[in-house]
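Enquirer: Have a look at this prediction, sequence included:
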Amino acid sequence: MAVESIDYPTLELKDGPGVNPANVGRQIPHGAILKVVATNICGSDQHMVRGRTTAPAGLALGHEITGEVVEVGRDVEFIKVGDLVSVPFNIACGRCVNCKEGKTGVCLNVNPDRPGSAYGYVDMGGWVGGQAEYALVPYADWNLLRFPDKAQALEKIRDLAMLADIFPTGYHGAVTAGVTTGSTVYVAGAGPVGLAAATAAFLLGAAVVLVADLQKERLDQARSFGCEAIDVSQGDPKDQIEQLLGTPEVDCAIDAVGFEAHGHGSDAKAERPATVLNTVMDVTRAGGAVGIPGLYVTGDPGAGDEAAKTGSLSIRLGLGWAKSLAFTTGQCPVMRYNRQLMQAILHDRTQIAKNVNATVISLDQAPQGYAEFDQGAARKYVLDPHGLIK
């Protein structure tokens, strides 16, 4: 991880690390160029930095972007220069059948390799990442969420910066797990997405939110806004759930960990990629649902066994089937939720930045932020390329 100089973006896709050859030269008259106000470090970026994906060297990272529009293409009609906007991490065209059905995480037109795309991410079409001073956003009228009051938005920018990814992603995990008024909820993982999922669960009316992790600092952060903590280094989470709830099961469960999961108890130091998936099936009551915003990949060169290197994990599908559990996987369709969550932030219904411990650092400090985050810091690092965040 290093900070390097790259070209100022233009309304044309250029060749570079990770850019799909079929996208080179693609014209973007429907795009906008943003001066980046905030751009976050994401846990899924860490997978690439650790060498746990097939990401090429030199890939410009960053898919959580908030910025001010400084240039628009000739086909942009509604977004204007000067607008302060949030950028959904999924790149979507707004024209294909999936976009029209609201499935913007699997747009069919922005990535020649497969459905779905994102900024600065492996196998996602090669769109340049936004951990930079300026960023290009295609299909600007469709993708960009404009904040209605620029001055008000700047006052709440730490919270609004979470709309690009982790807040909608956590919310999607909670919604697809069926969280509602009075639910008991188990969230695996107290990283930023897990804490966002816990925040979303409370927003949706959950009675109890139990957050599980191996690290004390992260569990303390979950406790800071009302969650019950499950320290899985102490053993099977079912035992702790029963102590807290009087039953070893919950109504809903959310996997906010993904494929770099570790075991429980004496196995906590060993990587066990199927552990969380099996646990959430085990602790969710029959007829319940599981939301899986945690990332799983088709290529993991650092996996401990050959099957896991191609995304094949030993999950107990029979258990899930026997309990009639519902599963929802894949990228969060950010546009399904970001406007509503923006309103919740602007009207003081949630404090997502406080709950995830948003910590602002400069772009030059990004390598340090990555290192601290990789070591388990209970923080959500927000990069401030232009010193605009007060």
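Expert: Yep, it's here.
Enquirer: who touches the lowest-mean-pLDDT helix or strand in the chain?
Expert: Scoring the helices and strands of the chain by mean pLDDT, DSSP states H and E places helix 43-49 at the bottom, with a mean of 82. With Cβ atoms under 8 Å, 6 or more residues apart in numbering as the test, helix 43-49 has contacts from 1, 53, 55, 59, 61-63, 120-122, 191-193, 258-260, 295, 297, 370, 373-374. For every residue, glycine as well, the C-beta is placed using N, CA and C.
Enquirer: In PyMOL, select just the buried ones from the residues you listed.
Expert: Those of the contacts of helix 43-49 that count as buried under 16 or more other Cβ atoms under 10 Å are selected in PyMOL with:
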select buried, resi 1+53+55+59+61+62+63+120+121+122+191+192+193+258+259+260+295+297+370+373
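Enquirer: Which residue ranges of this protein form strands?
Expert: Shown for the chain, the strands assigned by DSSP state E span residues 32-40, 65-72, 84-87, 134-137, 145-146, 184-188, 208-213, 228-231, 250-255, 284-291, 326-328, 358-361, 380-383.
Enquirer: mind putting those in CSV, mean neighbour count and distance to Glu306 included?
Expert: As requested, the strands of the chain are arranged in CSV below (neighbours: other Cβ atoms under 10 Å; distance: least, Cβ to Cβ, whole Å):
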stretch, mean neighbour count, distance to Glu306
strand 32-40, 25, 34
strand 65-72, 22, 37
strand 84-87, 26, 38
strand 134-137, 24, 38
strand 145-146, 18, 42
strand 184-188, 30, 25
strand 208-213, 26, 29
strand 228-231, 20, 32
strand 250-255, 29, 23
strand 284-291, 20, 27
strand 326-328, 16, 25
strand 358-361, 19, 39
strand 380-383, 25, 34
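Enquirer: Now render those as TSV, adding distance to Pro17 and mean pLDDT.
Expert: Output for the strands of the chain, formatted as TSV (distance: least, Cβ to Cβ, whole Å; pLDDT from 0 to 100):
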stretch	distance to Pro17	mean pLDDT
strand 32-40	18	98
strand 65-72	19	98
strand 84-87	21	98
strand 134-137	16	97
strand 145-146	28	98
strand 184-188	33	98
strand 208-213	33	98
strand 228-231	40	97
strand 250-255	30	98
strand 284-291	33	97
strand 326-328	32	96
strand 358-361	24	96
strand 380-383	20	96
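Enquirer: can I get those in CSV with distance to Ala274?
Expert: Putting the strands of the chain into CSV (distance: least, Cβ to Cβ, whole Å) gives the following:
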stretch, distance to Ala274
strand 32-40, 28
strand 65-72, 33
strand 84-87, 33
strand 134-137, 36
strand 145-146, 36
strand 184-188, 12
strand 208-213, 16
strand 228-231, 19
strand 250-255, 11
strand 284-291, 14
strand 326-328, 14
strand 358-361, 31
strand 380-383, 27
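Enquirer: Select, out of those strands, the one closest to Arg26.
Expert: Nearest to Arg26 among these is strand 134-137 (11.0 Å), distances taken as Cβ to Cβ.
Enquirer: Name the surrounding residues that touch the closest one.
Expert: Here strand 134-137 makes contact (Cβ under 8 Å, 6+ apart) with 8-11, 28, 31-36, 39, 62, 65, 67, 70, 87, 119, 127-129, 143-144.
Enquirer: hmm, try it at 6 Å
Expert: With contact meaning Cβ atoms under 6 Å, 6 or more residues apart in numbering, strand 134-137 is reached by Tyr8, Pro9, Gly31, Ala32, Ile33, Leu34, Lys35, Val36, Ile65, Val87, Asn143.
Enquirer: out of those residues, who's nearest Ala222?
Expert: Ile65 (26.6 Å).
Enquirer: so the closest one makes contact with Gly130?
Expert: Yes - shown here, Ile65 and Gly130 form a contact pair, counting by Cβ atoms under 6 Å, at 3.7 Å.
Enquirer: nearest residue to Thr298 other than its sequence neighbours?
Expert: Gly311 (4.5 Å; Cβ to Cβ, 6 or more residues apart in numbering).
Enquirer: how many other residues sit next to that neighbour?
Expert: By other Cβ atoms under 10 Å, 14 other residues sit near Gly311.
Enquirer: Next one, pLDDT for it please.
Expert: At Gly311, the predicted lDDT confidence score is 85.
Enquirer: Give me the distance between it and Val382.
Expert: Plainly put, Gly311 is 31 Å away from Val382 if you go by Cβ to Cβ, to the nearest Å.
Enquirer: just Cys227 next, same as before
Expert: Distance of Cys227 to Val382, given as Cβ to Cβ: 22 Å.
Enquirer: cool, Pro301 as well?
Expert: Distance from Pro301 to Val382, counting by Cβ to Cβ: 30 Å.
Enquirer: which residues in the protein form helices?
Expert: Shown for the chain, the helices assigned by DSSP state H span residues 43-49, 97-100, 140-143, 150-155, 157-160, 166-176, 192-203, 216-223, 237-245, 275-283, 317-322, 338-346, 352-355, 366-374.
Enquirer: okay if I get those as a markdown table plus distance to Cys332?
Expert: Shown next, in a markdown table, are the helices of the chain (distance: least, Cβ to Cβ, whole Å):
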| stretch | distance to Cys332 |
| --- | --- |
| helix 43-49 | 11 |
| helix 97-100 | 14 |
| helix 140-143 | 14 |
| helix 150-155 | 22 |
| helix 157-160 | 17 |
| helix 166-176 | 4 |
| helix 192-203 | 9 |
| helix 216-223 | 20 |
| helix 237-245 | 24 |
| helix 275-283 | 17 |
| helix 317-322 | 21 |
| helix 338-346 | 10 |
| helix 352-355 | 15 |
| helix 366-374 | 20 |
